[in-house]
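Participant: Can you look at this prediction? I've put the sequence above it.
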Amino acid sequence: MQQETRVPDYLSGLPRPRTIVHPGPYGAVRIEHMQAERGRHFRLSLPQGRSLYDSIVEALASVDVHSACMTLLDGDLEALSFCLARPDVTGRVVATYGALKIVRSARFIFGNATLGKSSAGAPVIHCHAVFRAADGAVRGGHLLTEKAIVGASPITVVATALDGFDLRISYDEETGMPLVRPRNEVQHV
C-alpha cells in the first residue's frame, strides 16, 4: 500500500524560498549517520594529466581507505564535465540532473566529495565543486570526477578516512533516488 506523500504538519507553515517535497513515504530518519572508530587524515596532491577519480581512488586504496569525506582545494583542470540538479517534472524522484556541460581549461576553486561504493562494490566519488572557467565565469555543480582532468597546477585533496564502515549507494524510498548511505559491512573489492 502506497503511503500519502505530504509535508509534515510541523513544516507546513514555514516560509521558504524553495521547498523540496520528497515523492516517497516520509522517513522517520532523514539523515543516517555512523561514527568512525578512528579518523585518519591524508593530504594528496593530484598529478597533471590524470582524472580526479583515478588519482583519488588509487591514492586512498593504497592506504586501505575505501570510504572517506574530502575537501578539494585550488589547482587547474585541463577539462571537466559537470551538471546541475533540477526538480524532476515527473515527480517520481526528488531531483534529476540537467544537461551535461563540458568545460575546457578551468581554475578549480573548491569542492567537497565523498568516496564510497556502488551497489556492486565499485568505488564511486560524489563531488560538488566550484571553478572559474577560461572566460572568467564562476560556475559550480555536480562534477563528474572521471572526466575532470588535472592541469598544470595540482589539486590538493584533504581526506578523512571513515574507518569501520562503508559508504554504499542504495535506493532511498523517500527521495526515489540512489543515495550514499553508511553501512556496517566493510567489504573491499
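Facilitator: All right, it came through fine.
Participant: Packing partners of the strand ranked longest in the chain?
Facilitator: When the chain is scanned for its longest strand (criterion: DSSP state E), the result is strand 101-117. Strand 101-117 sits against helix 52-61, strand 68-73, strand 76-83, strand 123-133, strand 138-143, strand 155-161, strand 166-172, with contacts defined as 3 or more Cβ pairs under 8 Å, 6 or more residues apart in numbering; DSSP states H and E. The C-beta positions use only the backbone N, C-alpha and C, and glycine is treated the same way.
Participant: which residues does Asp172 contact?
Facilitator: Listed by Cβ atoms under 8 Å, 6 or more residues apart in numbering, the contact set of Asp172 reads 24, 27, 178-179, 181.
Participant: what about it, distance to His33?
Facilitator: Using Cβ to Cβ, to the nearest Å, one gets 15 Å for the distance from Asp172 to His33.
Participant: contacting residues around Phe108?
Facilitator: So Phe108 contacts 72-77, 129, 131, 155 (Cβ under 8 Å, 6+ apart).
Participant: PyMOL command for the buried members of the residues you listed?
Facilitator: Provided next is the PyMOL selection string for whichever of the contacts of Phe108 are buried by 16 or more other Cβ atoms under 10 Å:
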select buried, resi 72+75+76+77+129+131+155
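Participant: Geometric centre of this protein: which residue is closest?
Facilitator: Nearest to the mean C-alpha position of the chain, by Cα atoms, centre = their mean, lies His126 at 2.4 Å.
Participant: Quick check: bridge partners of that residue?
Facilitator: With DSSP bridges applied, His126 shows beta-bridge pairing to Thr114.
Participant: so who does it touch?
Facilitator: 113-114, 116, 142, 180.
Participant: just His22 next, same as before
Facilitator: Applying Cβ under 8 Å, 6+ apart, we find His22 in contact with 5, 94, 174-176.
Participant: Quick check: which ranges of the chain have low pLDDT?
Facilitator: 1-19, 30, 185-189 (pLDDT under 70).
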